[in-house]
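Visitor: sharing a sequence plus its predicted fold:
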Amino acid sequence: MIYLDNGATTFPKPECVYDAVDRFNRTAAVNAGRGAYRAAREATEMIRRVKDRLISLADAREQAEVVFTPSVTIALNQIIWGQNWKEGMNVYISPYEHNAVSRPLELVRQRERVNVRLLPLKEDLSVDLDETARMFRENPPDFVCCTAISNVTGYVLPAEEVLGMAKDYGAFTVLDAAQAMGLLRIRFARMHADCIAFAGHKTLYAPFGIAGFLIRSGADLREFITGGNGIRSTCLDMPSYMPEKMESASMDTPAIAGLDASLEWLKHHDTWKTEAELTAYLLPRLAEIPGVTVYPAPGGPERQAGVISFNVEGFRANEVAAILDREAGICVRAGHHCAAYIHDFLGDEKYDGTIRVSLGAFSTKKDLDVLLKTLRSIDRAQLKGIDAGILRGNC
């Protein structure tokens with residue numbers, strides 16, 4: 001198997017992550033914070049240690065607290081539904097947002113009658129900061145969410161600038177760092193963010209089941225999912241302090257043990273450098289293949305993460321993905337990648353989305369050479385025998 005779908009989840013994980021999860025499952029997989037016995041105390045201490053590691057990673061000491069959730073989608077929903085929405089409030093998001101942001105905000109728009117607007121783009125599909133500033137002046141923002149890296153094109157958005165402008169108006173600001181935490185150097189204070197959402201199983205190289213967000217000290221959110229928490233709260237009163245009131249139910253302590261190991265591993269591995277070298281190798285070679293259309297990130301290499309979308313003339317995106325899998329065992333994503341807005345700008349309707357190659361720490365040039373070789377010889381005859389259900393496409 002040649003795995004090039006790291007934008008969905010990074011795979012494989014570092015061996016130390018597998019070892020940590022296995023060891024914890026076998027020796028100490030108990031509920032944290034709900035017992036006076038040693039194993040429960042140690043699990044609770046591990047959770048606090050991992051939160052401290054995340055705060056250090058984001059240079060957020062004495063500035064933020066960490067809230068753990070089972071997924072980054074839940075984290076973003078917690079942030080969005082935790083707002084005190086009022087009719088007429090102005091919400092801005094980039095056209096690159098994942099539907100973990102756009103879908104709940106659409107529901108907020110319907111239920112609370114807020115205004116949801118997309119940040120403007122230039123012709124090259126980069127965020128137009130001058131036009132954004134004008135929009136903010138005309139309709140001052142109350143809530144702004146910007147993704148750090150597009151999961152469609154790998155574009156590193158100017159989130160620091162966008163959120164900084166929004167903060168000048170007192171807006172609640174959110175950075176979706178699902179594709180960036182551990183990959184980009186994210187400094188909490190410089191991002192002007194009230195919350196930064198992260199996914200353990202993506203660029204942090206942790207297992208499924210652990211995600212969350214950093215929240216600025218002093219900021220507050222209403223509970224979205226509640227009940228069952230007990231790290232420090234053992235009374236009948238609803239805890240009013242952060243972050244425990246946001247952390248409902250039992251935590252996935254083995255996954256947190258895996259995150260603990262992956263954070264230590266990341267201290268010694270520059271995953272951005274690895275992805276940048278592979279991206280620089282792949283992009284020009286991919287663009288040279290007849291019939292291939294590449295959708296590069298605007299702004300050049302410094303704005304291009306290891307996520308590359310393309311299409312092949314004469315094929316729907318999912319057809320190419322199915323051929324790559326059957327002919328060479330190559331795993332890529334096809335479709336709209338849960339980010340529908342940006343596809344309106346890409347003009348990929350006839351392809352039903354794009355084919356997405358997303359690189360990771362364990363991707364190699366050899367993997368990319370196999371991909372390129374298979375694409376050079378792609379033929380519609382290779383679709384014969386592939387199940388029609390596979391070819392229908394996905395989101």
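Guide: Looks like it came in fine. Numbers count the residues shown, from 1 in each chain.

Visitor: what sits closest to residue 40 if chain neighbours are left out?
Guide: Leaving aside its chain neighbours, residue 40 sits nearest to residue 30 (5.4 Å; criterion: C-beta to C-beta, 6 or more residues apart in numbering). C-beta coordinates here come from the backbone N, C-alpha and C atoms, glycine included.

Visitor: and for the one you found, the neighbour number?
Guide: Per other C-beta atoms under 10 Å, the neighbour tally for residue 30 reads 18.

Visitor: where do the strands sit along the stretch 101-250 of the chain?
Guide: With strands called from DSSP state E, counting those that start in this stretch, the stretch 101-250 of the chain shows them at 115-118, 143-147, 172-176, 195-199, 211-216.

Visitor: turn those strands into TSV, columns for mean neighbour count and mean pLDDT.
Guide: Shown next, in TSV, are the strands of the stretch 101-250 of the chain (neighbours: other C-beta atoms under 10 Å; pLDDT from 0 to 100):
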stretch	mean neighbour count	mean pLDDT
strand 115-118	15	98
strand 143-147	27	99
strand 172-176	28	98
strand 195-199	29	98
strand 211-216	27	97
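
Visitor: mind putting these in TSV, distance to residue 75 included?
Guide: Output for the strands of the stretch 101-250 of the chain, formatted as TSV (distance: least, C-beta to C-beta, whole Å):
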stretch	distance to residue 75
strand 115-118	20
strand 143-147	12
strand 172-176	9
strand 195-199	5
strand 211-216	5
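
Visitor: next, the residue nearest to residue 40: secondary structure please.
Guide: Three-state assignment for residue 30 (DSSP: H, G, I helix; E, B strand; the rest coil): coil.

Visitor: kindly report the same for the one 3 residues further on.
Guide: Secondary structure for residue 33, judged by three-state DSSP, is coil.

Visitor: sorry, back to before: was I right to think the residue nearest to residue 40 contacts residue 253?
Guide: Yes - Residue 30 lies in contact with residue 253 (C-beta atoms under 8 Å); the separation is 7.2 Å.

Visitor: and for those two, which residues touch both?
Guide: Taking C-beta atoms under 8 Å, 6 or more residues apart in numbering as the contact rule, residue 30 and residue 253 both touch residue 43.

Visitor: where in the protein is pLDDT low?
Guide: Where the chain drops to pLDDT under 70, the residues are 34, 228-243, 388-395.

Visitor: longest helix in it, by residue count?
Guide: Ranked by number of residues, the top helix in the chain under DSSP state H is helix 38-57.

Visitor: and the angle for that helix with strand 195-199?
Guide: 120 degrees (axes from the mean of the first three to the mean of the last three C-alpha atoms, to 10 degrees).

Visitor: chain center to helix 38-57, what's the gap?
Guide: Relative to its parent chain, helix 38-57 has a centroid offset of 23 Å by C-alpha atoms, centre = their mean, to the nearest Å.

Visitor: please apply the same query to stretch 158-172.
Guide: Relative to its chain's centre, stretch 158-172 lies at 20 Å (C-alpha atoms, centre = their mean).

Visitor: returning to what we had before: and the strands of the stretch 101-250 of the chain: which comes nearest residue 285?
Guide: Residue 285 sits nearest to strand 143-147 of all those, at 27.5 Å, using C-beta to C-beta.

Visitor: tell me the contacts of the closest residue to residue 278 other than its chain neighbours?
Guide: Sequence neighbours aside, residue 359 is the residue nearest to residue 278 in space, at 5.0 Å (criterion: C-beta to C-beta, 6+ apart). Residue 359 makes contact with 4, 6, 274, 275, 278, 279, 282, 306, 307, 308, according to C-beta under 8 Å, 6+ apart.

Visitor: the last one: neighbour count?
Guide: The local packing count at residue 308 equals 27, with neighbours defined by other C-beta under 10 Å.

Visitor: one more: the first one?
Guide: Burial measure for residue 4: 26 neighbouring residues, criterion other C-beta under 10 Å.

Visitor: ok, the second one next?
Guide: Residues near residue 6, counting by other C-beta under 10 Å, number 25.

Visitor: on that earlier part again, of all the strands of the stretch 101-250 of the chain, which one is nearest residue 348?
Guide: Closest approach to residue 348 among the strands of the stretch 101-250 of the chain (C-beta to C-beta): strand 115-118, 17.8 Å.

Visitor: which other residues reach the closest one?
Guide: With contacts defined as C-beta under 8 Å, 6+ apart, strand 115-118 is touched by 88-95, 105-106, 108-109, 135, 139, 341.

Visitor: residue nearest the centroid of this structure?
Guide: By C-alpha atoms, centre = their mean, the mean C-alpha position of the chain lies nearest to residue 178, the distance being 2.1 Å.

Visitor: since that was my last question, I'll sign off now.
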